[in-house]
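Enquirer: coords please:
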Amino acid sequence: MLLFIEIILGQGPFKIELMNERGYPMEIDENGTYNITIGEGQAIFKVKGLTNSLQPERVTWKTKEKFYWGDGLRNDIYPVVNPASYTKNGVGYSMVGLMPEMKGKTITIYGYYHQEIDSLKIFVR
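Expert: Below is the predicted model of the structure:
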């Protein structure tokens with residue numbers, strides 16, 4: 001049985017998905033872009049990376065765009081997605097935080113696993 005599971009999990013490309021566990025208004029358009037409506041505070045999501053490996057594996061996360069946040073005294077880079085996670089049973093998670101200042105913007109999140117890359121786009125409304 002274990003050999004059968006390893007054969008199934010060992011095949012297939014790396015894939016990432018956005019999880020909406022808090023029920024924000026969200027639609028996926030014909031291009032696969034997540035269209036998300038957020039309020040006046042930070043909106044929290046999870047991004048899931050599927051590696052198809054039974055071993056713990058590192059997945060790194062980046063955004064194409066850079067965003068900044070300021071407290072009135074200084075501005076700093078705002079990390080939309082946590083930069084790294086480790087998998088358990090072929091699945092790794094990272095947190096995504098969308099700020100109201102991002103409304104009207106498209107955010108591209110990349111997941112990297114060994115030599116494989118997958119991405120997703122979020123349009124913030």
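
Enquirer: got a list of what the residue minimising distance to the centre of the chain touches?
Expert: Against the mean C-alpha coordinate of the chain, by CA atoms, centre = their mean, the closest residue is V47 at 3.3 Å. Taking CB atoms under 8 Å, 6 or more residues apart in numbering as the criterion, V47 is in contact with 16-19, 61, 81, 93-96, 109, 111, 120. The C-beta positions use only the backbone N, C-alpha and C, and glycine is treated the same way.

Enquirer: would you map the strands across this protein?
Expert: Under the criterion DSSP state E, the chain contains strands at 15-19, 26-28, 34-36, 43-50, 58-63, 67-70, 75-78, 84-86, 91-98, 106-113, 116-124.

Enquirer: can I get these in CSV including mean pLDDT?
Expert: What follows is the strands of the chain, written out as CSV (pLDDT from 0 to 100):
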stretch, mean pLDDT
strand 15-19, 97
strand 26-28, 97
strand 34-36, 98
strand 43-50, 97
strand 58-63, 97
strand 67-70, 86
strand 75-78, 91
strand 84-86, 97
strand 91-98, 98
strand 106-113, 97
strand 116-124, 97
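
Enquirer: how many residues are close by E21?
Expert: By the measure other CB atoms under 10 Å, the count of residues near E21 is 8.

Enquirer: distance of it relative to I28?
Expert: Distance of E21 to I28, computed by CB to CB, to the nearest Å: 16 Å.

Enquirer: ditto for N82
Expert: Distance, N82 to I28, by CB to CB: 23 Å.

Enquirer: ok, the two, which is more surrounded?
Expert: For N82 versus I28, the count of surrounding residues by other CB under 10 Å is larger for N82: 15 against 12.

Enquirer: can you pull the pLDDT of the more buried one?
Expert: Residue-level confidence at N82 comes out at 96, pLDDT.

Enquirer: contact partners for it?
Expert: The contact partners of N82, by CB under 8 Å, 6+ apart, come to 61, 94-95.

Enquirer: again, 10 Å this time
Expert: 46-47, 60-61, 93-97 (CB atoms under 10 Å, 6 or more residues apart in numbering).
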